[in-house]
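1. When you get a sec, could you give me coordinates for this:
(2 chains)
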Amino acid sequence: MSDAADTVENAVETQYGCPAQDSHGQRVLYASRDQYVSVIKALADEGYEMCVDLTGVDYLAMPHRTIGFGVQPERFEVVVNLLSLSQRKRIRLRVQVPADDATLPTLFDVHPGTEAHERETFDMFGIVFTGHPDMTRILMPEDWDGHPLRKDYSQGSIPVQFKGAHS
Amino acid sequence: MTIISAGTAEGGQELLSRSELTAKELLREVGSVLRLSETEAALLAEVETEAPEDQTMIINMGPQHPSTHGVLRLMLELQGETVLRCKPIIGYLHTGMEKTGEALTYMQGGTNVTRMDYLSPLNNELVFSMAVEKLLGIDGDIPERAVWMRMLLSELNRMSSHLLFLATNGMDLGAVSMMLYGWREREDVLRFFQKVTGLRMNHNFIRPGGVAADLPAGWRDDVLAILEGLPSRLEEYDILMTGQPIWRERLQGVGVITAQEAIALGATGPILRSTGVAWDLRRDMPYLHYDQLEFDVIVGQYGDAYDRYSIRFNEIRESMRIVYQILDCMPSGDFRIQNKKVTPPPRARIDESMEALIHHFKIFTEGFKVPEGEVYVAIESPRGEIGCYIVSDGSSNPYRMHVRAPSFVNIQTMPHMMRGGLVADAVAVISSVDPVLGEVDR
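-> Below is the predicted model:
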């Protein structure tokens, strides 16, 4: 949590110990990997009862991007969209996930509805959600090589793979 | 019993037999069937572990099955006629549309997203356009006529989508005549879409900056003809289905889900509303000019298939009410923003101005550049919350384009609704979730 503490000092605004920002009128939190689950739990207790979306972004092709607030940009980012039905508010969490250790704890115990989203993010980006009950591919065939939405997985250059076809 | 299991590092996607699972994994499987946390699943575990394996059978339903609405495959563990576990297996229609979206410009993006939920294409285009406009910072400058046209099309689309739901729901449960009627009514709406946009489906009509063209002459009469013809038909369907004892027997108490479960699973739209939660983005987080209109949010009480049926049925009536108000409010004026950056020059200018020709060429080949940033926009589609998350790196293509598809999330409620029910009710459950597989797999 020491990194997070440094982040807090430099940030203009913080919420739950994460730098916070309003982007296009939408609330965004930059949680670290250590804070991730505890922040989501705290937000759930505060009334953000629904996790509407969880997805990933591969920033490989944007190596020089800056986030500010002392947040160290990494290759992958997991974006979680939370919704509060009672307060009619949304909040978005952006979590940096390094390429050499692309893992993140699962949200399954807080929001069971993220089960399919996490599988999709694993399938498309290769980010492993530790503690997920069924960390398998969801959209691609189970013997597929690679993770299609990564930026180094180019479009159309890979022959279509067929299961059990004679070559 | 032989079970298909792939030997990859990640493991197979299929439902495994009980003998292949350890007690903990079985517990998790129960958890994943219920999509509840392990601690909650443990409380229910005694129900599940009772069935000895030689009395149960895992069967495939789909991917090619008339009642699975496309290519949805369900693996069901059955004991006699009772469904013990269920796992939806998806991806058969996956064509990498999010990857494709990264290769298309913002100008072309509409053609891609409109094919996701092919039963409500205009809502897909709308959410994509609204996300792009927000990134461009022009979301407040869209001309009034374009905003009201978007609402008109979006509501008519909701009607056509729900009419198709009535048709398929009827077909799945044996009221085959309803299939023909629902399809007939939907076609009336699609004919209007064809007149306005040129296509029955996959319109690419709502674009960043407004809409592609103005409404054609006589559009008001066409809309009124649809609105005036429909009420008497809906009354017929009320007699055909709503009040009919067989229909009620098939749906009432089937596929029950509670509000707490629906929220935990992220279900939105008619599924969430059937549990009594009055949540409709049109009312609760208004976009366009929905805050200026008067309409009711239809909610159910029991969270069963019958509630979901009647919610959609009555939402058609609410949408008609909205369309009547839109007809009264439709202003005249521009149908797209007059911003040279986003809007191509009018056809007439191309004949007389070299600059206009160059500009026209550049905007359609290179597209327009969108400032760096990321944005999430959500609207209420007929199936629930459809969201669009776009990351821009300042070029004319989205760096990442993600669509939060309501069906993709809603499908997670199926195992929960089916658990402990009969196989015949499984069909009613699939139908009442109303998934569109094009959107699930994207």
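
2. Which element is encountered next along the chain beyond the helix or strand harbouring B:Arg145?
-> Here B:Arg145, judged by DSSP states H and E, is contained in helix B:144-172. Once helix B:144-172 ends, the next helix or strand along the chain (criterion: DSSP H and E) is helix B:176-197.

3. Let me know the angle separating that next one from helix B:144-172.
-> Using axes from the mean of the first three to the mean of the last three C-alpha atoms, to 10 degrees, the inter-axis angle of helix B:176-197 relative to helix B:144-172 is 160 degrees.

4. What mean pLDDT does the helix or strand that comes right after helix B:176-197 get?
-> Where DSSP H and E defines the elements, the next helix or strand beyond helix B:176-197 is strand B:206-207. Averaged over strand B:206-207, pLDDT sits at 91.

5. In its sheet, which strands sit next to strand B:206-207, and in what direction?
-> Strand pairing for strand B:206-207, using DSSP bridges, gives strand B:210-211 (antiparallel).

6. Give me the distance between the closest residue to chain A within the stretch 301-442 of chain B and B:Val433.
-> Nearest to chain A in the stretch 301-442 of chain B, going by C-beta to the nearest C-beta, is B:Arg404, at a distance of 4.2 Å. Yep, even glycine has a C-beta here, placed from its N, CA and C like the rest. B:Arg404 sits 17 Å away from B:Val433, going by C-beta to C-beta, to the nearest Å.

7. ok, and the closest non-adjacent residue to the residue of chain B at minimum distance from chain A?
-> Nearest residue of chain B to chain A: B:Gly266, at 3.1 Å (C-beta to the nearest C-beta). Nearest residue to B:Gly266, sequence neighbours excluded (C-beta to C-beta, 6 or more residues apart in numbering or on different chains): A:Gly113, at 3.1 Å.

8. number of nearby residues for that neighbour?
-> Close neighbours of A:Gly113, defined as other C-beta atoms under 10 Å in any protein chain shown, add up to 26.

9. was I right about it contacting B:Val409?
-> Yes. If you go by C-beta atoms under 8 Å, A:Gly113 and B:Val409 touch, sitting 6.3 Å apart.

10. Which neighbours do these two have in common?
-> Residues touching both A:Gly113 and B:Val409 (C-beta atoms under 8 Å, 6 or more residues apart in numbering or on different chains) are B:Leu265, B:Gly266, B:Ala267.

11. Output the residues you listed in TSV, with neighbour count, secondary structure and pLDDT appended to each entry.
-> Below are the shared contacts of A:Gly113 and B:Val409 laid out as TSV (neighbours: other C-beta atoms under 10 Å in any protein chain shown; DSSP: H, G, I helix; E, B strand; the rest coil; pLDDT from 0 to 100):
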residue	neighbour count	secondary structure	pLDDT
B:Leu265	29	coil	87
B:Gly266	30	coil	89
B:Ala267	29	coil	91
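
12. will you turn those into TSV that also has distance to B:Ser310?
-> Output for these, formatted as TSV (distance: C-beta to C-beta, whole Å):
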residue	distance to B:Ser310
B:Leu265	22
B:Gly266	23
B:Ala267	17
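
13. tell me the contacts of B:Arg404?
-> Applying C-beta under 8 Å, 6+ apart, the residues near B:Arg404 are A:Val52, A:Asp53, A:Thr55, A:Asn81, B:Tyr376, B:Ala378, B:Glu385, B:Ile386, B:Gly387, B:Cys388, B:Tyr389.

14. Quick check: closest non-adjacent residue to B:Arg383.
-> B:Pro406 (4.2 Å).

15. Nearest residue to the middle of the chain?
-> Just so you know, I chose chain A. Closest residue to the average C-alpha location of chain A: A:Val78 at 1.5 Å, with C-alpha atoms, centre = their mean.

16. Please refer instead to chain B.
-> Chain B, centroid-nearest residue using C-alpha atoms, centre = their mean: B:Arg383 at 3.8 Å.

17. What pLDDT does the model give that residue?
-> On the pLDDT scale, B:Arg383 gets 91.

18. Now for it: which residues touch it?
-> Neighbour list for B:Arg383: B:Asp117, B:Ser120, B:Ser161, B:Gly269, B:Pro270, B:Pro406, B:Ser407, B:Asn410, B:Asp434, B:Pro435, B:Val436, B:Glu439 [criterion: C-beta under 8 Å, 6+ apart].

19. Looking at these, which are in helices?
-> Mapping these onto helices (DSSP state H) picks out B:Ser161, B:Pro270, B:Pro406, B:Ser407, B:Asn410, B:Glu439.

20. What about the first one, how many residues nearby?
-> To tie it back to what came earlier, the one meant is B:Ser161. 27.

21. For chain A, give me the ranges with low pLDDT.
-> The model of chain A has pLDDT under 70 over residues A:1-12, A:156-167.

22. That one: strands as residue ranges?
-> Counting by DSSP state E, chain A has strands at residues A:14-15, A:18-23, A:26-31, A:50-58, A:76-84, A:89-97, A:103-105, A:128-130.
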